[in-house]
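Undergrad: What follows is a predicted protein model with its sequence.
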Amino acid sequence: MNKALFIDRDGVINIDKVHVFRRKDFEFTEGIFKLCRKYTEAGFLIIVITNQAGIAKGLYSEEDFRKLTRWMNIQFEKNGIKISEVYHCPHHPGITGPCECRKPNPGMILQAVKDFDLDLCQCILVGDKESDLEAGRRAGIPESNLKLWQSQDPHSR
């Protein structure tokens, strides 16, 4: 079985500027490459799990999201890090109704378990919101492996 570092996108990988879908608005957080490199070197897969309600709201398209994701993955590769997968939830409960993938539901994590034969007891989850951590709890990641990311955005100080 494999182990993974699950990371949220907006607020962990990049500064959360609300509905980020363009490269010009995407700003990596301080320390994200160092964190991912540390876990990669320890044998963890890097898996992104991200709510993207802007798709359901019509603010941007699936293709906009995929383009930005491809660019983001290339930036990680340039820093010696392979992102194994990016799972996203394009839903919003008030628009598309409830779903199993929108955090705090564990759907994206449980899909990754199937896709990558993961041992959740060895997985780590880093998120910037309680809903991220709750998704990890619901999936079965041990409480001690749930980490709250503290924003490194110098503009938020």
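TA: Sure, I can see it. Numbers count the residues shown, from 1 in each chain.

Undergrad: quick one: the helices in the chain?
TA: Assigned helices in the chain, in chain order: 32-41, 53-56, 62-78, 107-116, 130-139 (criterion: DSSP state H).

Undergrad: Out of those helices, flag the one nearest Ser84.
TA: helix 107-116 (6.7 Å; Cβ to Cβ). Heads up, the C-betas are built off the backbone N, CA and C, glycines and all.

Undergrad: And the closest residue to Leu68 other than its chain neighbours, how close does it get to Ile81?
TA: Closest residue to Leu68 apart from its sequence neighbours, by Cβ to Cβ, 6 or more residues apart in numbering: Phe21 at 5.7 Å. As judged by Cβ to Cβ, to the nearest Å, Phe21 and Ile81 stand 22 Å apart.

Undergrad: who has more neighbours, these two?
TA: Ile81 (20 against 17; other Cβ atoms under 10 Å).

Undergrad: Any idea what Val86 is bridged to?
TA: Val48 (DSSP bridges).

Undergrad: How many residues are close by it?
TA: For Val86, using other Cβ under 10 Å, the count is 21.

Undergrad: Ok, Val12 next?
TA: The number of residues packed near Val12 is 26, by other Cβ under 10 Å.

Undergrad: before we move on, what about the one 4 residues further on?
TA: Taking other Cβ under 10 Å as the criterion, the count of residues near Asp16 is 19.

Undergrad: can you pull the pLDDT of it?
TA: What the model reports as pLDDT for Asp16 is 91.

Undergrad: ok, it to Trp149 distance?
TA: Counting by Cβ to Cβ, the gap from Asp16 to Trp149 is 10 Å.

Undergrad: Give me the common contacts of the two.
TA: Residues touching both Asp16 and Trp149 by Cβ atoms under 8 Å, 6 or more residues apart in numbering: Asp128.
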